[in-house]
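J.: Kindly generate the corresponding structure for this input.
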Amino acid sequence: MNSGSSTKRKVSKQQQQSFNKMVTSDPETLAEIQSLFSKVKTYVKPSSGEWSIPDPNAALRHSAEEHCRLQALKVSLNGVKNQLSDKNIQVWHQHTNSTNRAGKVIAAVRSAANAEICTQAWCKFYEILGSFNLLPEEALQNGELNTVHLCEAPGAFITALNHYMKTSDFTRYCDWSWAANTLNPYHEANGGGTTIADDRLIANTLPWWFFGSDNTGNIMMQKHLLDLQAFVSNMRRVDLVTADGSFDCQENPDEQEALVASLHYCEVTAALLLLSPGGSFVLKMFTLYEHTSVCLLYLLNCCFQSVNVFKPATSKAGNSEVYVVCLNYDAKEAVRPLLSKLIRNYGPHLADREALFPNSILPETFLKQHEEVCLYFHTLQVETITENLRLFEEMSTEQRQQLDHIRDCVAHEYLQRFQVSFLPRSRWISRNTVSPACCSVSAGRPLGQKKQTGSFNERRELQTLSWRERIEKGCHASWIQRHCTGDGGTGCVLDGPLSSCHVDSWYVIVGAALPAVRNSPFCEGGLLNHLNEALMDTDVDWTCVSPCDSCQVACAASILSEVAGLCAFNVGNKKKKQCLVFGGHSAWGACESQIGDLVLTFSAEPSFPPGGCMSLHDGEPLYQQQLVACVLFSLQTLSSGDALLLPVFSALTRVTAAVVLCLHTCFHSVSFRCPPPSAVVGMLLVCIDFCPEAAARMLPVLTDVQSCMNQLKEEQDTGKKQPCGGDRQVLQFVPMEELLSGGLTEFLWTMNSEIIQRKLHLLMQS
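T.: Got it, this is the predicted structure:
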């Protein structure tokens with residue numbers, strides 16, 4: 001093995017010498033590569049000291065003022081970008097990917113470095129780490145580094161820093177602690193346009209992630225900002241804060257900067273509050289033309305010794321993205337009074353209020369430099385878009401070959417310039433944490449991200465259509481319009497009883513009551529979006545919806561016959577077994593002649609969520625309370641080998657998913673049939689061969705959950721004021737690590753897909 005490694009190094013050295021010779025023989029290529037890695041502008045403070053933190057009394061008191069020359073740059077850039085409005089976004093992205101000089105870097109890094117979550121964000125942050133002295137010297141000398149990462153999903157900045165720390169000689173032995181915040185991908189009210197569903201790192205490192213008292217992870221809430229400060233209080237000092245936040249602005253790209261302004265204000269406020277003297281801050285921004293950005297850059301220049309606006313080579317040259325890299329925080333005490341005012345006004349509309357600073361306070365020397373920065377990056381972006389438009393019309397073979405040559409050279413230069421080294425999987429973050437079992441599930445689960453299709457003009461036109469027309473033009477059309485065959489769920493089984501649950505570590509999370517279920521880790525986001533759009537436009541009472549005449553539905557007789565056969569097979573004797581059915585006797589009683597030795601017992605099923613709460617789906621608190629009560633009753637009533645038939649509305653929320661997990665733990669098999677014989681929508685859970693020993697572990701947990709739900713219901717009914725204000729509900733009682741492990745996620749994904757397809761099918765038919 002050692003000799004093999006040595007040979008590999010020799011070959012690599014020879015290849016490097018050959019490559020260097022090839023590049024240096026082409027000065028034009030060499031110059032282009034060097035410029036690609038040098039897209040940075042640094043503000044230079046005047047020696048007079050006139051750049052100083054403004055008086056807090058002048059902050060947030062005056063109307064914002066436009067900067068004419070900067071607005072002219074904005075108009076100019078938008079004019080160029082508007083030429084892309086008729087381009088199919090997928091075709092255009094494919095083209096710009098092929099012209100992107102750094103387009104081969106990600107593949108090269110994956111091959112050479114075995115990087116964890118190796119995305120474009122990983123490559124950008126690794127490039128920032130290699131281009132600036134981002135890690136304070138004091139921290140490295142003390143052998144202790146503490147970092148906080150805001151708006152961080154899916155976590156590529158963290159994994160890039162881990163890679164850098166463990167492969168660099170001067171950081172390898174440094175003790176590193178980190179904490180992160182992002183919009184919680186598991187919180188049902190977080191919308192798909194702002195929430196990153198990729199949870200590959202989050203699922204394995206949940207204790208390190210801060211989601212706030214309401215569990216949303218929204219850093220733009222004042223209470224969350226202060227709670228985050230407490231969350232990282234165990235860190236002796238905070239040496240680095242990164243903020244990589246943004247929103248999906250593709251439907252209004254001309255105003256991207258204004259749309260994210262309040263988020264940037266909140267990120268900067270959080271960084272100035274958390275950072276220790278001498279610390280560093282990295283903030284993703286876009287164009288810097290608006291008064292909000294001008295004020296923010298001025299404030300950062302007053303607080304840090306060095307402020308650099310950097311466009312990484314691995315950031316696509318045609319977009320507006322830049323990173324503001326701030327080094328050596330030296331105004332911790334001086335900024336406190338202003339920071340207090342920012343915190344008092346903190347929130348999602350911070351940038352929509354009065355200007356942070358009046359124009360008269362901003363020194364002319366700063367404004368001049370800022371205009372130069374904006375002009376520099378404006379020129380680079382316009383040149384790239386113009387070139388891409390030209391090459392989109394026609395690209396010769398020679399141009400293609402030259403581009404490919406440069407792309408190869410850039411990938412090689414990246415690896416050499418930043419000394420990207422191999423890191424064994426055993427040293428990844430997600431392999432050093434308490435729950436590595438989740439990794440395979442999360443990595444393989446579809447992420448349900450909203451994908452842009454068609455041109456910008458076509459997408460705007462699509463928004464004018466009805467929800468039915470959008471479905472008909474979408475990728476799910478044929479599947480939604482197909483008629484049910486009656487075998488939905490056949491073959492999808494959870495085999496139990498599940499013994500791997502760590503019930504002792506389960507805990508209840510209570511947060512603000514859900515306004516709607518917009519997101520779920522247990523179904524495809526696109527389908528859920530379609531259903532929510534349909535429900536917004538359609539007045540639906542599912543108890544009165546007529547079935548589709550062409551659809552076949554699950555038959556009560558066949559279900560009971562199957563249950564009787566399975567119970568007899570599993571028990572292996574003639575003793576009669578009970579089947580507890582939650583539902584009306586009318587739907588099931590007529591089939592008693594076909595169930596052999598099975599004894600049917602009936603109980604009232606959970607009622608449908610109220611008609612006015614359709615967008616809550618199974619997240620309606622009263623429905624969840626009734627569902628938990630049904631399961632508790634079942635576990636207290638059934639005997640060994642008995643069966644359970646439980647209809648559910650859906651299992652999109654963490655609470656309902658956890659209920660299914662509890663049943664998985666207590667029965668030898670759990671399957672589903674769609675829809676229940678007693679309803680036109682929803683699902684029937686078929687639970688076979690009850691295990692009392694397993695149920696004994698579940699009873700205390702579910703009893704606690706029921707008590708918590710009852711208490712919250714009582715508080716709401718009596719109008720008691722909550723400490724955090726507003727109604728609250730139970731959001732979770734099984735850790736996400738367990739909900740995402742085993743076969744539960746796939747089972748729920750399949751089940752919810754069938755439910756949503758059925759609902760959309762009926763709505764399309766109506």
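J.: show me where the stretch 151-300 of the chain has strands.
T.: Under the criterion DSSP state E, counting those that start in this stretch, strands of the stretch 151-300 of the chain are mapped to 175-181, 209-210, 240-243, 280-285.
J.: wait, what's in contact with G682?
T.: Contacts for G682 were tallied using C-beta atoms under 8 Å, 6 or more residues apart in numbering; they are W542, P647, V648, F649, S650, C674, P675, P676, I755. The way it works is simple: take the backbone N, C-alpha and C, and place the C-beta from them, glycine included.
J.: P677 is in contact with the second one, correct?
T.: No: with contact taken as C-beta atoms under 8 Å, P647 and P677 are classed as non-touching, separated by 9.1 Å.
J.: intersection of neighbour lists for the two?
T.: When contacts are counted by C-beta under 8 Å, 6+ apart, P647 and P677 have G583, L684 as shared neighbours.
J.: Which one of the two is surrounded by more residues?
T.: Remark: of P647 and P677, P647 carries more neighbours, 24 against 21, as counted by other C-beta atoms under 10 Å.
J.: Kindly tell me how buried the residue nearest to the more buried one when sequence neighbours are not counted is, as a neighbour count.
T.: Counting by C-beta to C-beta, 6 or more residues apart in numbering, P647 lies nearest to P676, which is 4.1 Å off, once chain neighbours are set aside. P676 sits with 25 neighbouring residues when counted by other C-beta under 10 Å.
J.: could you measure P676 against Q401, distance?
T.: P676 sits 63 Å away from Q401, going by C-beta to C-beta, to the nearest Å.
J.: How about L70?
T.: In terms of C-beta to C-beta, L70 sits 40 Å off from Q401.
J.: between those two, which one's more packed in?
T.: In terms of neighbours (other C-beta under 10 Å), L70 is the more surrounded of L70 and Q401; the figures are 21 against 10.
J.: In three-state terms, label the more buried one for me.
T.: Here L70 takes the helix state, with states given by DSSP: H, G, I helix; E, B strand; the rest coil.
J.: just the one 10 residues further on next, same as before
T.: Counting by three-state DSSP, the backbone at V80 sits in helix.
J.: List the contacts of it.
T.: By C-beta under 8 Å, 6+ apart, the contact list for V80 reads V382, I385, T386.
J.: Low-confidence ranges, the chain, go.
T.: By pLDDT under 70, the weakly predicted segments of the chain are 1-25, 192, 249-251, 432-462, 486-490, 568-574, 589, 592-594, 610-613, 720-726.
J.: Can you name the next helix or strand after the longest helix along it?
T.: For the chain, the longest helix by residue count, based on DSSP state H, is helix 364-393. Per DSSP states H and E, the first helix or strand lying C-terminal to helix 364-393 is helix 397-417.
J.: That next one packs against which elements?
T.: Helices and strands touching helix 397-417, by 3 or more C-beta pairs under 8 Å, 6 or more residues apart in numbering; DSSP states H and E, are helix 2-24, helix 27-36, helix 105-113, helix 120-131.
J.: Now do the buried residues in the longest helix of the chain.
T.: Under the neighbour-count criterion of 16 or more other C-beta atoms under 10 Å, helix 364-393 has 366-367, 369-371, 373-374, 377-378, 380-382, 384-385, 388-389, 391 buried.
J.: Can you give me the neighbour number for the closest residue to W428 other than its chain neighbours?
T.: Distance criterion C-beta to C-beta, 6+ apart; nearest residue to W428, sequence neighbours excluded, is E116 at 4.2 Å. Here the count is done by other C-beta under 10 Å, and E116 has 23 residues near it.
J.: Same check on H95?
T.: By other C-beta under 10 Å, the residues close to H95 number 17.
J.: List the contacts of it.
T.: The contact partners of H95, by C-beta under 8 Å, 6+ apart, come to N388, L391, F392.
J.: Grab the nearest non-local neighbour of the last one.
T.: Distances taken as C-beta to C-beta, 6+ apart place H95 nearest to F392, at 5.4 Å, with adjacent residues excluded.
J.: Can you give me the buried ones in the helix or strand where that neighbour lies?
T.: H95 belongs to helix 89-99 when assigned by DSSP H and E. For helix 89-99, burial by neighbour count (16+ other C-beta under 10 Å) applies to I89, W92, H95, T96, T99.
J.: Over to stretch 62-72?
T.: Buried, per 16+ other C-beta under 10 Å, within stretch 62-72: A64, H67, L70.
J.: Where do the helices of the stretch 551-700 of the chain begin and end?
T.: Taking DSSP state H, counting those that start in this stretch as the criterion, the stretch 551-700 of the chain carries its helices at 556-571, 585-588, 621-637, 654-666, 692-718.
J.: Mind giving me the packing neighbours of whichever helix or strand comes after the longest one?
T.: Put plainly, it is helix 692-718. As assigned by DSSP H and E, the chain's next helix or strand after helix 692-718 is strand 728-732. Applying 3+ C-beta pairs under 8 Å, 6+ apart, one finds that strand 728-732 makes contact with strand 509-512, helix 621-637, helix 654-666, helix 692-718.
J.: Between helix 692-718 and strand 728-732, find me the angle.
T.: Orientation check (axes from the mean of the first three to the mean of the last three C-alpha atoms, to 10 degrees): strand 728-732 against helix 692-718 gives 160 degrees.
J.: Can you pull out the residues in contact with strand 728-732?
T.: Where contact means C-beta under 8 Å, 6+ apart, the residues beyond strand 728-732 that reach it are 186-188, 215, 508-514, 621, 624, 653-655, 658, 705, 708-709, 712, 715, 722.
J.: let's see 7 Å
T.: Applying C-beta atoms under 7 Å, 6 or more residues apart in numbering, the external contacts of strand 728-732 come out as 215, 508-514, 621, 654-655, 705, 708-709, 712, 722.
J.: Among these, which pair sits farthest apart?
T.: Pairwise distances among the contacts of strand 728-732 were taken by C-beta to C-beta; the largest, 20.6 Å, belongs to R654 and Q722.
J.: Look at these two and report which has more neighbours.
T.: Ranked by neighbour count (other C-beta under 10 Å), R654 and Q722 place R654 first, with 25 against 13.
J.: so who does the residue nearest to the spatial centre of the chain touch?
T.: In the chain, the residue lying closest to the centroid (C-alpha atoms, centre = their mean) is I196, at 2.1 Å. Contacts for I196 (C-beta under 7 Å, 6+ apart) come out as A153, P154, T182, P185.
J.: Quick one: residues contacting the last one.
T.: If I follow you right, that is P185. Shown in contact with P185 (C-beta under 7 Å, 6+ apart): A153, T195, I196, A197, D199, I202, P521.
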